[in-house]
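[1] Predicted model and sequence follow; I will ask about them next.
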Amino acid sequence: MPALQGRATCRVVAPADVDELAQMARLLLADAPAHFALAGHSMGARVALEVLRQAPERVSRIALLDTGYQARADGAAGEEEARKRQTLLDLARMQSVRAMATDWVQGMVHPQRLTDAALIERIVAMFERKSADTFARQIHALLGRPDASAVLQSIAVPALVLCGRQDSWAPVRQHEQIHQLIPAAVLAVVEDAGHMAPMERPESVAEHLLRWLGTP
């Protein structure tokens, strides 16, 4: 944030506490400036795509970080995703959001950062600020996510597609597919980072975002 504040007025928007991505986007738009640059990470990028679907004329540039664009798969693969998400929700309800986040984070950062106690605590504390009920609504929203291929193909503003090299949840190949769908997008891969690249390598991510903000 300090690196970006010199270039733009920055505002962090938490996804609204509803259970549909489209509704999150509507609520964001209701409280946003008439014209703005938009960056989203993980589920936040899914919300950003829904903002583009609803009001593309209001978005001056778009950055999609560590995310995906396809709907939940049919059949066994989709059922397995739902099962894994439900397991995390059950852990949050039966034990605590902290317990769930402590388990979840094991596969979401670069393996060598798992011993970085300060980083892991920041990530777990971020989750802990939300309730299990909020987590349930977010899971419902993600499982019902629409395919965004057409939205990506329609983007005509400066676009950044970024991910951590070791992101196992939303891997590099997935971002290469997103990059191929967006005309003239820039693809950036942050070295030595997993799914939580903005928290693992904030300086590197900020450098890419500054270049994106400076794109004519």
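    Received, thanks.
[2] Where do the strands of the chain begin and end?
    36-41, 59-65, 159-164, 186-190 (DSSP state E).
[3] Direction included, what does the first one pair against?
    Applying DSSP bridges to the sheet, strand 36-41 is found paired with strand 59-65 (parallel).
[4] Equivalent analysis for the third one, please.
    Strand 159-164 has the following strand partners under DSSP bridges: strand 59-65 (parallel), strand 186-190 (parallel).
[5] returning to that earlier point: with respect to burial, which of the strands of the chain scores highest?
    strand 159-164 (a mean of 26; mean count of other C-beta atoms under 10 Å). For glycine as for every other residue, the C-beta is placed from the backbone atoms N, C-alpha and C.
[6] Not counting residues beside it along the chain, what's closest to residue 63?
    residue 39 (3.7 Å; C-beta to C-beta, 6 or more residues apart in numbering).
[7] May I see the strands paired with strand 159-164 organised as TSV, with mean pLDDT and distance to residue 129 added?
    Output for these, formatted as TSV (pLDDT from 0 to 100; distance: least, C-beta to C-beta, whole Å):
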stretch	mean pLDDT	distance to residue 129
strand 59-65	98	20
strand 186-190	98	25
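[8] among these, which is nearest residue 134?
    strand 59-65 (21.1 Å; C-beta to C-beta).
[9] Off-centre distance for the closest one?
    How far strand 59-65 lies from its chain's middle: 12 Å, per C-alpha atoms, centre = their mean, to the nearest Å.
[10] Can you give me the neighbour number for the residue lying closest to residue 215 once chain neighbours are set aside?
    Nearest non-adjacent residue to residue 215, counting by C-beta to C-beta, 6+ apart: residue 158, 3.9 Å away. By the criterion of other C-beta atoms under 10 Å, residue 158 has 19 neighbours.
[11] from memory residue 158 sits against residue 211, does it?
    No - contact between residue 158 and residue 211 fails when scored by C-beta atoms under 8 Å: they sit 9.6 Å apart.
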